[in-house]
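Participant: quick one, what's the 3D model for this:
(chains A, B, C and D)
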Amino acid sequence: MIEQLTQEDRKLLRDTAARFFHERSPITALRQLRDKKDAVGFDPGLWREISDMGWAGILIDENDGGVGLGSQALGVILEQSGRSLAASPFVATVLSAAPIISSAGNPEQRGNALPGVSNGVLVISLAHEESPRHAPHQISTRAAKNVDGYTINGKKTFVLDGHVADLFLLVARTAGQNEERAGISLFLIDSSLPGINIKRTTMVDSRNAAHIQFDNVQIPANSIIGKAGYGAEILDPVLDGARAGIASEMLGTAQKTFDITIEYLKTREQFGAPIGSFQALKHRAAEMFCEIELARSAVYSALQALDQKASNTAELVCVAKAKACDMIELVSNEAVQMHGGVGMTDEANIGLFLKRARVAQQLFGDVIFHRQRFADLIGI
Amino acid sequence: MIEQLTQEDRKLLRDTAARFFHERSPITALRQLRDKKDAVGFDPGLWREISDMGWAGILIDENDGGVGLGSQALGVILEQSGRSLAASPFVATVLSAAPIISSAGNPEQRGNALPGVSNGVLVISLAHEESPRHAPHQISTRAAKNVDGYTINGKKTFVLDGHVADLFLLVARTAGQNEERAGISLFLIDSSLPGINIKRTTMVDSRNAAHIQFDNVQIPANSIIGKAGYGAEILDPVLDGARAGIASEMLGTAQKTFDITIEYLKTREQFGAPIGSFQALKHRAAEMFCEIELARSAVYSALQALDQKASNTAELVCVAKAKACDMIELVSNEAVQMHGGVGMTDEANIGLFLKRARVAQQLFGDVIFHRQRFADLIGI
Amino acid sequence: MIKLDSFRNETRTWLEENCPPGMRTPMPDDERVWGGKKPVFKHPDAKTWMDRMIERGWTAPRWPREYGGGGLSLAEAEILSEEMNRLGCRPPLFSFGLGMLGPLLLDIGTATEKERYLPPITRGEIWWCQGYSEPGAGSDLAGLQTRAEDKGDHYLVNGQKVWTSYAHHADWIFCLVRTDTSVKHAGISFLLFDMESPGIEVRPIKLISGTSVFCETFFDDVRVPKDQLIGEINGGWAIAKQLLAHERSMISQLGARGGNRLPPFKDMARRYVGDGNGRIADPLLRDLIARELINDRAFESTSKRAMGAAGAAAGLASMLKYYGTEQNKRKMEVLMKCAGSAGLGWEGDEFADDDLVLCRSWLRSKGNSIEGGTSEVQLNVIAKRELGLPD
Amino acid sequence: MIKLDSFRNETRTWLEENCPPGMRTPMPDDERVWGGKKPVFKHPDAKTWMDRMIERGWTAPRWPREYGGGGLSLAEAEILSEEMNRLGCRPPLFSFGLGMLGPLLLDIGTATEKERYLPPITRGEIWWCQGYSEPGAGSDLAGLQTRAEDKGDHYLVNGQKVWTSYAHHADWIFCLVRTDTSVKHAGISFLLFDMESPGIEVRPIKLISGTSVFCETFFDDVRVPKDQLIGEINGGWAIAKQLLAHERSMISQLGARGGNRLPPFKDMARRYVGDGNGRIADPLLRDLIARELINDRAFESTSKRAMGAAGAAAGLASMLKYYGTEQNKRKMEVLMKCAGSAGLGWEGDEFADDDLVLCRSWLRSKGNSIEGGTSEVQLNVIAKRELGLPD
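Facilitator: Model prediction:
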C-alpha cells in the first residue's frame, strides 16, 4: 500500500505545486514554445526543476530512486500543472511509461530506467495507439521472435513526446489477433535503433506527438517486460492510473478556464452592467460549477481507489474520465462563448484551454470509450 | 396523386378545425372522460360530429366514401386536435387501420369497412405491437392456414381503443421468423370472434389501449388483405403516414403547451416582476421556440412528401417523428418546471399535456427508433 | 477505538434482539410511521419497533438524553446507522420534528421551549408540518403575506399557505408569518401552533402523479399564544434559511435514491431492456443507462465530499439539491424510454405493480426540482454565494 | 412559363459557353474573388469568368441594369442560380457591397448615391468592409463610441472599430458612428468613407483557428466629406438593424453548410468512422451523426419555410442565426469525436489536408455563434419579438 498523505501534507503539496507552476511555467511559457516552434516542445530546464521537486518520481518506489507518494499526490500536482497548461513529458513518461517498468520491469530494466526518470534526464514514451481513437488492445504491430530477440514491424500514432524520447515503451503483439487481449507484449527499447522512423506531429494544443514506423527493427530478447503475451495484464492497470492522472490535469485546466471566465463575467460590461449580472449567464455558470464539482469528486474517488488498490478501481476511473471529458467540453465551449469575440482571438488565453481540453479528452479514451467500458465492468 | 390544397384552403381548414376542437372538445371534456372512468374512453357523439365534418374520411378515397384530401390536410386537423388533447379513435382508425384497407383491401373489404369509418360508425384498431417498444416486424402471432381459413394464436399489446373496436386490423405471421420482414400478413377480422380476449388498459394520458389475446381464433380465408406473406409491403408505408400524423398531433400539443407556458410567464409574478422577465427563463423559452419551429418544418415536409409520394418520404418521416419526440419532451418538461408547484397539481392542465406527450412519443416509434431507421435509410 | 468497538457489539446485539423480523424488510411508502396524536401502524410490528427505539432514545440518536434522545457521539451515531443498514432495519419514525424543527430548537430554542417541544418529538407524539410557501410566494418565499397581528396576549393569524406536506394529518405546524408589512425579509417571524386551533381549514392538493401529500392550508383569525413565537419577533428569515438548507439536502438525497418505492435504477432498466444475463443489448439505451449510473456515482462521491467539508456552505447544499433532483428526473426519463408502453399505464391489473410505480414516480420526480426551492432558485444561490456574480 | 423556359435554355447555353472549365470546380477559400482596386485572381480562369459575368450584369442578377445589374425577376434569378448549381459554377465575385451595402442603397439611397456607389460594386471595383463593433460595444452594439464631429464641410471621425472583416484589404468602409453623445440609439449615423483616408490604421486580429480575416481599425482625425452620410443624421440605427438581419441570415446559412472548405459532414464522418461501404459500425457515433443529419434536414426545411414567409420577421432571422450556428458547432464537435487524434493536428505533413481543415474549421465554428450578434442576443430578440416576453 502506497503511503497515504495526510490532509495537511496534501494541502502543502498543492500550495507548493500551485506556486511552482504559476511562477515557473505560466501560460506565456507555452506560447513561447509554440511561437518559436521549439524543437523539443517543452523546456528541459523546467522538466529538470520538476524532477528536482521529486515530482517526476512521484509514482516510483523509493528503492528505484523515486519518492513513492502515490496517485492522490500525483493528482494534486497534475491538477496544478493543468491550470497553467504546463508542457512537459509528464504524461508520456511519468504517467504511462514509467509505471509499466515500476510494476513489471526486472531489476536491470528498473535500474536502467527509473532513476533516470526520477532525475528528469530520461524521456520514455509509451508507443501504444495504432488508430486515432483509443483502443487498448487493437495492436497489430508484430514482435516476431528470433534467435537474437525480436523483430518489430508496425506503426504507432499519437506517441506523446515521441520525437524526443530516449526510450520507447513499445506495445506489440507476439501472438494472437488484433483486438485480442492475449498475445500483447511490452518492450523497453532504445529510440535510436535502426529501422525506427520517427515523425513529429504538432498538435493543436501546441504539444507534440509522433507517428512512429518500425521496419524490421531488431531488438534484444531482454527488452521484454514481463512475460510474453501477458502484456495487457500489466498495461491495463497502468492505463487506469494514466486515465485518472489525465482526468486530474483536466480538472485543473477546467477550473482555471472557469476562474478566468467568472472573472471576465464580473468585469466585462455591456448594456451598462457587468455581463455576469445577466441571469442566463449566471445560471449557465452555476451549471458549470456543478459539473466541475461532480467531476472533482469523481477524480478524487478514482485517485483514492488507485492508492487503496480498491476492487472497483477500474469502474471509478471510468467515472472520473467520463465525467472529466463531458465537463471540460462544456466548460471550454461555454468559456469561449462567454468571452464573445475576445475568446476567438489568439491573444486571449481562453482558446489555448479549449485546444488543450480536446486533446486531453482523447488521451487514454474519450467519454464514449469510458461509458462503454463502465457498462462492461458493471455487467449491463 | 392526392389533390393538393391551396394555401387558402389549408388556412380555412385550420381555422375550422381550431374552432371545432376548441368549442366541441375542450380539455374539460378529456377530464370528464377520465374522472367518470368512461367505459368507451372517447365521446361517440363527438366522433360522429368529427366524421360529419368529413375528417374521419380525410384519407379515404371519394370512391370509398371518403373525401380524399391527403396527408397535409390530415396534418392540419391533427395539429388542432392535439391542441385540445381531443380523445377520439382518430389515431387507431383513421391513421393506421383504414389506410391499410384503402391501399390494399379488395372491393368487398373496402366496401365493408371504409364507408363505416368515414361515417364514424365503425372503429377499427390496428392490432400490431407485441412488445412495449415499437418494433414493426417483431411479429410472432401466428396465422396458420387451414381449410376454412386461418387459425390465429398470439398476443398483442398497446392496441389503441382496442376495447371498443368493431374490427381489428391484425398483423400476424403466415411464414418466417420473428423480426423477418417477409412472412407478415394482414387480416381484417371481427373483434367478437370466439377466442379473442380483450383487456382494456387505461393509459397515463387517460386514453385507452388494450392487451389482446388470440387463442385458436378461426378466421375466414377472405379476411386476408393483400397477398399472404407480403403484409409488410403494405404496412410500412401506412406506418409512415401514421408517424407523420402523430407527429402533427404532437406539434399541436407542444404548441399549446408552449402557449400556456408563455402566458404563465407573462402573468405569474415573483420578486416583484413577471417571471417571464427573468433572462434565464427567456432564453429557455426562446430555445423551445426554435425547437418547435424546427419540428414544425420537419412535420410539414414529411406531410408534403407523403402527398407527393416523394422517394425520400420515409427519411423525412423519420426526421419529423424524431424531431417531434425530442421537441415535445423538452417542451413538456420545461412547461411543468416553469409552472412551478402549480404545474405539479392535477388541477392545472399542464400535467395532462406532459402525460399525452410521452404516450405520443412512444406511438409508432420513439426518437431512438427513428434515428436508427434514418441512419439505415441513408446508408450510414 | 476500544470503546467504539464495544459500542458496535452492544448495538448489534441489541438490534438483533429487539428489531422485529417484519421491520427488517424493505418498506413500502404507506407503511411509514409518522407518529402523532392518532398514529397509524400499518405493519403489525411497527409499534413495537418504534416503542423500543423510543425507549432507547434512538429515534433521535444524537439528541441529549434529557429530551428523549440517545446522547450519542457522531461516531456512535454512524455506527448505529451502519448496524441498522447491515440488518436492514427500517427507520422507526419519520417526522419533520426530528429532521427540521428539533435541530432548530436544539440550536436556538430556550430551555423552556426545548423541554416543551422536544420530548414529544422523540416520542413520536406530535406530527409536525411546515408552513412556508404561499400562492404568491413560491420561489420568492420572503414575499409571504400571511399576517400575524399582535393582539396583546396573542397573535391573530390570517392568510393562506400552500404545499404544507401532510397538513391534513399533522397536529402542529411551524409556520412563517408576516409581523411587519413595511419591510420584506425583516418583517417575518416564526410561530408554532396547534392545527386544531379554530379557524384552520386544510385542503389536500391532488398531484399529477395522483397522490396528495401536500395541502392548501387556510388561516382565518387563528389565535396563537405569544409564547409560541420562536426566536425574535421579525427574526424569522434567518430561521427560514436554516430550515431550507436542511430541507434541500433531504430532497437531494431523496432524489438521488429515486424515491422510495421504486426498485433501484439499474434493476428497473434491466427489467425492461435487459437480456437473461442482466446485460443490455441495445447499445443506445445501454449508453443512456451507463451515463446516468456514472452520474450517480459522481453524485454519491460529491455528497460524501460535501458532508466532509466543515460546515457545508449554502452553495454546496444548493448544488446537491439542484443536481440530485435534475439527475433523478433524467433517470426517470431514461426508464420511461426503456419501458416504452409498459411505463405508460395509469391503473389496472394489466400492468405490473412496478410498471405503475414507475409511471407515478416519473411524474412525481418532476416536483423534486420545484419543492424546497426550485432549480432556478438553487442556480441563483450558487451564482451569488459560490461564484460571487453581481446582482 | 414559356418565357421562363426559354430563359432557362438561353441561360444554360450561355453558361456552358462562357463559364471556363476551371470555374466549374469546388472552390478553396483562398481562390475566392473579392475584387477591389487591387484585385487578386489566384485561379487563372477567375478574371475571365468575373468579367463575362459583369458584362452580362450577373454579378448582381436582380439589380437594375442601369447600375450594372441583370434586371432579372425573382423567378429568373432562381433559374440562374439553379443552372449555375447544375454546372457547378463558382460565384464570380464575393463582396459585402453586393450582399449588404448595395441592397441597402437600392432601398434607401438617393439617385446620386446609387449612381455613385452601385456600378463599382457590380463591376467588383471597390472592396467594401463594415465598421460596426467596437471593443466596448459588442452585443451592445448601440453602445458604440466612435465619434463623428460635424466640422462644417466634413465629419471628423475618431475612435476604434473591431471585427472589421478584411479591413486590411478593403478600399472603402461603411461605418456606424456616434453623432450625438446625449442619446444612445438615436445618436448614431451611417457613413461611407475611403480606407485610404489619412488617419486610418488597420491591425489584423489572429484568431484561435490561425486565420486573420478580422481587423482592429483605428480612426485618428479622419476627414469624411459630408455627402458621404447615408440616410438622416442620427438615423443610423434603423440602417444598422436592417444590415444586421441580412448578416445574420448569411451567417446562419454559412453555419449550416459547415464553412466552405470542409467536405460535407456525412462524408467527413464516413472518412473517420465509416467502413468500406460507407456504413458506420459504432452504434453510438452513428447515433450522434444521425442526430445531426436529422437536425440538418429540419434546419433546411425551416430555412425554406422562413424564406417563403412574407417578409421574414426579425425573430425568425434570429432563430435561423441561433440554430444554424449552434448546429454547426455541434456537428464540428461530433466530427472531432469521430476523428480522435487525427482531428487534433495543427500543422505538418503528417496530417492529411482534410484533417487539418477539420481542426481549423472546428475552432472557427466557435465564432459563428458570436459574430453578427451572439447566440445570447438572438435569444433575447426571439424572447422579445416572437414571444413578447416582458423586459
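
Participant: contacting residues for the residue in the stretch 251-391 of chain C positioned nearest to chain D?
Facilitator: The shortest separation between the stretch 251-391 of chain C and chain D is 4.1 Å, found at C:Pro283 (distances taken as C-beta to the nearest C-beta). C-beta: built from backbone N, CA, C; applies to glycine. Neighbouring residues of C:Pro283 by C-beta atoms under 8 Å, 6 or more residues apart in numbering or on different chains: D:283-284.

Participant: neighbours around residue 84, how many?
Facilitator: This is for chain A. If you count neighbours by other C-beta atoms under 10 Å in any protein chain shown, A:Ser84 ends up with 22.

Participant: you answered for a different chain; I wanted chain C.
Facilitator: Other residues near C:Met84 come to 21 when the count uses other C-beta under 10 Å.

Participant: for the one 3 residues further on, same thing?
Facilitator: Applying other C-beta under 10 Å, we find 14 other residues in the vicinity of C:Leu87.

Participant: so C:Ala77 sits against C:Ala60, correct?
Facilitator: No. Counting by C-beta atoms under 8 Å, C:Ala77 stays clear of C:Ala60, with 9.9 Å between them.

Participant: those two - which one has more neighbours?
Facilitator: When neighbours are counted by other C-beta under 10 Å, C:Ala77 and C:Ala60 differ, and C:Ala60 comes out ahead with 30 against 16.

Participant: find me the pLDDT at that one, would you?
Facilitator: If you check C:Ala60, the pLDDT there is 95.

Participant: okay but it is in contact with C:Gly68, surely?
Facilitator: Yes. Here C:Ala60 lies in contact with C:Gly68, judged by C-beta under 8 Å, at a distance of 6.8 Å.

Participant: so for the two, which residues contact both of them?
Facilitator: With C-beta under 8 Å, 6+ apart applied, the overlap between the contact sets of C:Ala60 and C:Gly68 consists of C:121-122.

Participant: pLDDT weak spots in the chain?
Facilitator: Since no chain was named, I'll use chain A. In the prediction, chain A carries residues with pLDDT under 70 at positions A:1-4.

Participant: my bad, the chain I had in mind was chain C
Facilitator: Low-confidence segments of chain C, defined by pLDDT under 70, span residues C:1, C:252-261, C:308-315.

Participant: so which bits of it are right by chain A?
Facilitator: Contact residues (C-beta under 8 Å from any C-beta of the partner chain) of chain C with chain A: C:266, C:269-270, C:274, C:278-280, C:286-287, C:289-291, C:293-295, C:297-299, C:301-302, C:304-305, C:315-316, C:319, C:322-323, C:376, C:378-380, C:382-383, C:386-391.

Participant: residue contacts, the residue nearest the centre of chain C?
Facilitator: Residue closest to the average C-alpha location in chain C (C-alpha atoms, centre = their mean): C:Met250, at 5.0 Å. With contact set as C-beta under 8 Å, 6+ apart, C:Met250 has these partners: C:99, C:372.

Participant: tell me the secondary structure for it?
Facilitator: The local conformation at C:Met250, judged by DSSP: H, G, I helix; E, B strand; the rest coil, is helix.

Participant: is any residue of the host helix or strand of A:Ala247 near chain B?
Facilitator: Assessed by DSSP states H and E, A:Ala247 sits inside helix A:231-267. No. Legend: contact between helix A:231-267 and chain B by C-beta under 8 Å from any C-beta is lacking; minimum distance shown is 13.4 Å.

Participant: which elements pack onto that helix?
Facilitator: Packed against helix A:231-267, as judged by 3 or more C-beta pairs under 8 Å, 6 or more residues apart in numbering or on different chains; DSSP states H and E, are the following elements: helix A:71-83, helix A:98-104, strand A:184-190, strand A:273-274, helix A:279-308, helix A:313-339, helix A:350-362.

Participant: tell me the buried residues in it?
Facilitator: For helix A:231-267, the neighbour count (16 or more other C-beta atoms under 10 Å in any protein chain shown) marks A:231-235, A:237-258, A:260-262, A:264-266 as buried.

Participant: immediately after it, which helix or strand?
Facilitator: Tracing the chain past helix A:231-267, the next element assigned as helix or strand by DSSP H and E is strand A:269-270.

Participant: got a list of contacts for stretch C:149-161?
Facilitator: Under the criterion C-beta under 8 Å, 6+ apart, residues C:131-135, C:144-148, C:167, C:175, C:177-179, C:191, C:193, C:199, C:216-226, C:229 lie in contact with stretch C:149-161.

Participant: recalculate using a threshold of 6 Å.
Facilitator: Under the contact criterion C-beta atoms under 6 Å, 6 or more residues apart in numbering or on different chains, stretch C:149-161 has outside partners C:131, C:134, C:145-148, C:217-219, C:221-226.

Participant: could you do stretch A:151-170 as well?
Facilitator: Outside of stretch A:151-170, the residues that reach it under the criterion C-beta under 6 Å, 6+ apart are A:40, A:89, A:91-92, A:97, A:100, A:122-127, A:129, A:141-144, A:172, A:187-189, A:191, A:198, A:200, A:208-214, A:216-218, D:341.

Participant: now, the residues you listed that are in helices?
Facilitator: Judged by DSSP state H, the contacts of stretch A:151-170 include A:Ile100 as members of helices.

Participant: so which of the contacts of stretch A:151-170 belong to strands?
Facilitator: Within these, membership in strands is found for A:124-127, A:142-144, A:172, A:187-189, A:198, A:200, A:208-214, A:216-218, as judged by DSSP state E.

Participant: list buried residues within those.
Facilitator: Applying a neighbour-count criterion of 16+ other C-beta under 10 Å, the buried members of the ones in strands among the contacts of stretch A:151-170 are A:124-127, A:143, A:172, A:187-189, A:198, A:200, A:208-214, A:217.

Participant: still on that earlier bit, out of the helices and strands packed on helix A:231-267, the one nearest chain C is which?
Facilitator: Using C-beta to the nearest C-beta, the nearest of the helices and strands packed on helix A:231-267 to chain C is helix A:279-308, at 3.6 Å.

Participant: coming back round to it: among the residues of chain C next to chain A, which are in helices?
Facilitator: Among the residues of chain C next to chain A, the ones falling in helices (DSSP H) are C:266, C:269-270, C:286-287, C:289-291, C:293-295, C:297-299, C:301-302, C:304-305, C:315-316, C:319, C:322-323, C:376, C:378-380.

Participant: how about the residues of the stretch 151-300 of chain C by chain B?
Facilitator: Taking C-beta under 6 Å from any C-beta of the partner chain as the criterion, the neighbours of chain B within the stretch 151-300 of chain C are C:163, C:205-208, C:284.

Participant: flag every residue of chain A that's near chain D.
Facilitator: Close to chain D, as judged by C-beta under 6 Å from any C-beta, chain A has residues A:132-133, A:158, A:199, A:201-204, A:211, A:270-271, A:336, A:340-341, A:344-346, A:351, A:359, A:362, A:368.

Participant: then stretch C:159-178 to CSV, C-alphas only?
Facilitator: Written as CSV, here are the backbone C-alpha positions of stretch C:159-178 (Å, rounded to 0.1, in the frame of the first residue of the first chain):
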residue,chain,number,x,y,z
GLY,C,159,-53.7,34.1,5.4
GLN,C,160,-53.0,31.0,3.3
LYS,C,161,-50.2,28.5,3.0
VAL,C,162,-49.7,26.0,0.2
TRP,C,163,-47.5,22.9,-0.2
THR,C,164,-47.9,22.1,3.5
SER,C,165,-46.8,18.5,3.5
TYR,C,166,-49.3,16.2,5.3
ALA,C,167,-51.1,19.1,6.8
HIS,C,168,-54.3,17.0,6.7
HIS,C,169,-52.6,14.6,9.2
ALA,C,170,-50.5,17.0,11.2
ASP,C,171,-51.1,18.0,14.8
TRP,C,172,-49.0,21.2,14.9
ILE,C,173,-47.4,23.5,12.4
PHE,C,174,-44.2,25.5,12.3
CYS,C,175,-45.0,28.5,10.3
LEU,C,176,-43.5,31.6,8.8
VAL,C,177,-45.7,34.7,9.2
ARG,C,178,-45.5,38.4,8.5
